[in-house]
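In: what's the 3D shape of this:
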Amino acid sequence: MDFDALTTLISTYKYIFLFPLAIIEGPILTIVAGFLTSLQVISGPYASLIIISGDLAGAMIYYFFGRYGGRNFISKWGHFFRLSLTQTEPMEKRFEKHAGKILIIGKFLPVINTVISVTAGLSRMRLRKFLYYNLISAILKTILLILIGFYFGKACHQFNDYSAYASLSLLLLISLVIGLSIFGKKMSKKYFKEAIR
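Out: Numbering: from 1, shown residues only. Prediction:
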């Protein structure tokens, strides 16, 4: 779902769809929420709590896929979730000593965040510990992205031609999200190898 569609949906229905969208949309939704907060369409703190809850729910779903589905599940159904054992097995070997570090850093790298949650389940990491590290990283990520969206929205208010500059803001936001995704994909392998030594 693109920025315009999310903006229209949330503006119309407010908080109804925030939780399920937080599970599947992630960063773009959070930036949209920040943008709409600047327009006083929704409440930033309330939206943040819902998004954090959705983020944790999504992480738990993938955790349980790994814990109870195991390798057979990934081999048979993993392609539907862009998962494979070639992704999870190398990470699983490092989870015992570096689980917290991997979970926190991985939350900011959307490309491999799903792999990390599944791997946590495969390695039978304690659910309480998994939720603790996910909560910390989800709070940090949500606040950061809400603020990005909020200040982009505030910047739009400074100009008379709102629609033109809203379009420019939209373009910049999309470029930022795409750039972060590409950067995360390129850096994830290199960074994790260095970070967990």
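
In: give me the number of residues near the residue lying closest to residue 37 once chain neighbours are set aside?
Out: Excluding its sequence neighbours, the residue lying closest to residue 37 (CB to CB, 6 or more residues apart in numbering) is residue 44, at 3.9 Å. The C-beta positions use only the backbone N, C-alpha and C, and glycine is treated the same way. Neighbour count for residue 44, taken as other CB atoms under 10 Å: 18.

In: what do you get for residue 101?
Out: 14.

In: per-residue pLDDT, it?
Out: For residue 101, the pLDDT comes out at 84.

In: Buried ones in whichever strand or helix holds it, by neighbour count?
Out: Per DSSP states H and E, residue 101 falls inside helix 85-107. Counting neighbours by 16 or more other CB atoms under 10 Å, one finds that the buried residues in helix 85-107 are 87-88, 91-92, 94-95, 99-100, 102-107.

In: chain center to the next helix or strand after that helix, what's the gap?
Out: Sequence-wise, the next helix or strand downstream of helix 85-107 (DSSP H and E) is helix 110-122. Offset of helix 110-122 from its chain centre (CA atoms, centre = their mean, to the nearest Å): 12 Å.

In: okay, the angle between helix 110-122 and helix 85-107?
Out: Helix 110-122 runs at 110 degrees relative to helix 85-107, counting by axes from the mean of the first three to the mean of the last three CA atoms, to 10 degrees.
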